[in-house]
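**Q** this one's structure only:
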């Protein structure tokens, strides 16, 4: 086809040149199995790249494009209108994208030789035990609560879907009990950071059973006087929880049964793919929570059950089908969750994960305000950054607080993806005005503290290591006496920072000193004073607040 | 001095080794001229590095360490307690840092040979014309309003201090008039982005005089019946503004008079320094809004009147004095400002600035929601990213909206400082849950749209260039008829996106087409349909919303 050109100089700096593009001669036929984030992202990107491809989508459920992440909030009426969750319909996909969408259509087999797919309609629900992924799940729970006048529910799983479920059930006036098999909620976080969430749940009357594995869910056969609940949830810690119904939030198990049936290669966690989301059969692509991708930080394989990565993977697959090869870069593993008035967020790898992988790790913990403390609404957050001990290469971050948490996690993951070191966080010229931040943003503060550690300007120790040092070291609390009386480390001597220059001769010059304050800052100042006087000192990372959070998980 | 070592292995992955550090033999004597962000940051960092240095601070005003950025909000009683702005006192500096601080002490001369400084006390106020930088400024205004029962004030300068002043005066029930000599507020922004602020000010009854240079401020000699105001502000656009008092917010002029008197080298904008904040005399350092630093993006010299850079510069200077050489990396130029219910923020260089510098520039403009549109409180923002046309190297960003603006500017400036390209924004795995963002965050969206432009998947044109193309091109509005009727481009034909596949034969195959929708997305889909049918097309960047904002500045 000819390529006429139409060039118009429209301003000093801008020339608009319009050209005709080439059209593909042999249009592709693309079948997408499964809608929502990954599938629809692939289908619509393919259409944008090729007006001539034949694109068909089969979705097992009744909705092809809905906001699954909003489902828990529709349950709790935070989102008032269920239909607000329906992003697109089969009709709107046909009109806007010329894509044929079939809902309530489960693909049960794929013949890789003939490229035929077999489809069937399905639908079922188990009584009293629900999941909370789809709009139908949510409606079923809502209906069940109404018909049975429910008052108590068990949520199995202390991850983000579990907490969204629990919070929204509480919004409806129910008593929710969250059952988690690990000793703390939010598995990707370190235990002491997650501790703030345990406190927040208690403040909002959510019951929490930690370290409790569910062994059996059954009809409540004991007719207790104090309960009319119909379901008993037996757990390994001995007891049973009696409730009206159960919501299973134990993480979406990747649905790889079709993939296995079709003979796709499965790794230990999901379907194996290349960097273009292609399986070993080059005519089949796989995206979403069924595939194994690379964790960019650990370089391990990972499965991401998140809308963002699924959508980027779908786009990547469609690009490759239609001749654009932009590889999928892997996942860093980011999540954020609202838990009542708190926000908790994580990216990259925690201390616990890094130690499990046997990787060398250092970390710092700070408790800064989200914005200028003198401007209304300021609230403290706890921010931890993990990095390599020698070079300060950033590996992960975890934050919990009332506001500004999502902002800092996004900045930190951008820094990690840019291969920054903790030193580089000092230099980020983050936007500052009193309603939004401080002249030294929490991310800058993490940079100052972390780079002081890497450069050796301060030596720190962590709350988990304190117990092993108490017998051999002097412990010095540099807070003021009122703070000290309110709670302190075992055997700590109280020398307020402002008196330390006068009173240091009371300390034993030949024994190591563990110094601490409330959040780490005054401890650092004391460290600098004492080391320059010749003492051997370490400062407690995150101060007494981090020590207390650590103790809360003992 | 001996260096005994005390090594304790406290856990599997962590070994605490305490050592004695060396102490400097000849302590430095450091005199800091000027307190607040830059000066106190240098003084306290120096103390942390050296317990033995003699550190003295002279501050011209009565407060040595106060939150100057909070001053406008104390005026409006958003911050209830003035004392909340006082961060540290001379007494607390002495106690905590062993630093001698003298307030109300202006350094008038420095003898570089003897290293003596001469100090004098000062203080004065002009009646009816105020600045708003210090706590005393704020108190003087508040007192003046009370005594004179003021009702009207003129704010000269449409930058962020001007708007903080205007908003807080309105909070006190006054009528504020902002006078700006440029045709739009917020000089670092592009005119069409700043337009949203003009609208917001009108909604809150702030009067706005644009393109008006103040020629004279004088006693109001005309006894108008309609006013009892005492001050007349004459402007170049012909009129006079009659008010009770004036607040000058025209940007803090760098106070380089002392520097000049002492014979320091001055560039065109401020004091010339090296990368360690040292002037040509190696015993003198200069930091804050008096020095010229490098703009990292333009590589031009710049003066930053911001607390964050001042504080980092102070730290950098102290490091160098005490033997740690970490160079100051320069400034990217970031700011954020609350204007009533809106937030406006900018980083790096705008289109206008880049064109003024003669740099090649491309840009994209989007109008995404700050978080999932179905979750309560979602509001649209306008986000512009500037980048190099050929490689997509990020150069700057501007955002205006109700919430989530500060988050996106911080992510974008981190990406710019990491030398990312617009393509890289696609891949940022930003934290997503419905209360915080969308599966495709606004920053990801900017990446999708920007990389489509750089890769040539779409050709765009900008609102400013539309007028020059109307005669020669077909203009196609792909919104629905109701949107079209509500306002459209001159001569636009209305073919809704959903009908375009059926109706494209109405279009002239041999004439270029300008396609547009409300915000740019449907226009992009129409672009993809039409170009694949062989048409020559460009999509309007930012759609009709950006066109309307551009027209608002005509």
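**A** Received it, and whenever you're ready, just let me know what you need. Everything numeric here is computed off the predicted structure, so don't read it as measured data.
**Q** need the residues of the stretch 51-200 of chain A near chain B, please.
**A** The interface of the stretch 51-200 of chain A toward chain B, taken as C-beta under 8 Å from any C-beta of the partner chain, is made up of A:51-52, A:67, A:69-70, A:73, A:78-79, A:81, A:84-85, A:95-98, A:160, A:164. The C-beta positions use only the backbone N, C-alpha and C, and glycine is treated the same way.
**Q** whoops, the stretch 201-350 of chain A was the one
**A** Residues of the stretch 201-350 of chain A found near chain B, taking C-beta under 8 Å from any C-beta as the criterion, are A:306-312, A:315, A:324, A:329, A:331-338, A:343, A:345, A:347.
**Q** if you set the cut-off to 6 Å instead, what comes out?
**A** Applying the criterion C-beta under 6 Å from any C-beta of the partner chain, the portion of the stretch 201-350 of chain A that neighbours chain B consists of A:307-308, A:311, A:329, A:332, A:334, A:336-338, A:345.
**Q** greatest separation within those residues: which pair is it?
**A** A:329 and A:338 (27.7 Å; C-beta to C-beta).
**Q** what subset of the residues of the stretch 51-200 of chain A next to chain B is buried?
**A** A:51, A:67, A:69-70, A:73, A:78-79, A:84-85, A:95-98, A:160, A:164 (16 or more other C-beta atoms under 10 Å in any protein chain shown).
**Q** for the residues you listed, which one is nearest residue A:446?
**A** Using C-beta to C-beta as the measure, the one of these that approaches residue A:446 most closely is residue A:160, at 23.3 Å.
**Q** sorry, back to before: out of the residues of the stretch 51-200 of chain A next to chain B, which sit inside helices?
**A** Per DSSP state H, helices hold the following members of these: A:73, A:95-97, A:160, A:164.
**Q** tell me which two in these are the farthest apart.
**A** Taking C-beta to C-beta as the measure, those reach their widest spread between A:95 and A:160, a distance of 34.8 Å.
**Q** kindly provide the distance from the residue lying closest to residue A:207 once chain neighbours are set aside to chain B.
**A** The spatial neighbour of residue A:207 that comes closest, neighbours along the chain excluded (C-beta to C-beta, 6 or more residues apart in numbering or on different chains), is residue A:177 at 4.0 Å. When distances are taken as C-beta to the nearest C-beta, to the nearest Å, residue A:177 and chain B turn out to be 22 Å apart.
**Q** circling back: quick one: which of the ones in helices among the residues of the stretch 51-200 of chain A next to chain B is nearest to residue B:271?
**A** residue A:160 (51.6 Å).
**Q** isn't the closest one right up against residue A:339?
**A** No: when contacts are counted by C-beta atoms under 6 Å, residue A:160 is not listed as touching residue A:339 (8.5 Å).
**Q** what sits against the residue nearest the centre of chain A?
**A** In chain A, the C-alpha nearest the mean C-alpha coordinate belongs to residue A:335, at 1.9 Å (C-alpha atoms, centre = their mean). Taking C-beta atoms under 6 Å, 6 or more residues apart in numbering or on different chains as the contact definition, residue A:335 lies against residue A:346.
**Q** so is it in a helix, a strand, or just coil?
**A** The three-state assignment at residue A:335 reads strand, by DSSP: H, G, I helix; E, B strand; the rest coil.
**Q** please consider this matter closed, and thank you.
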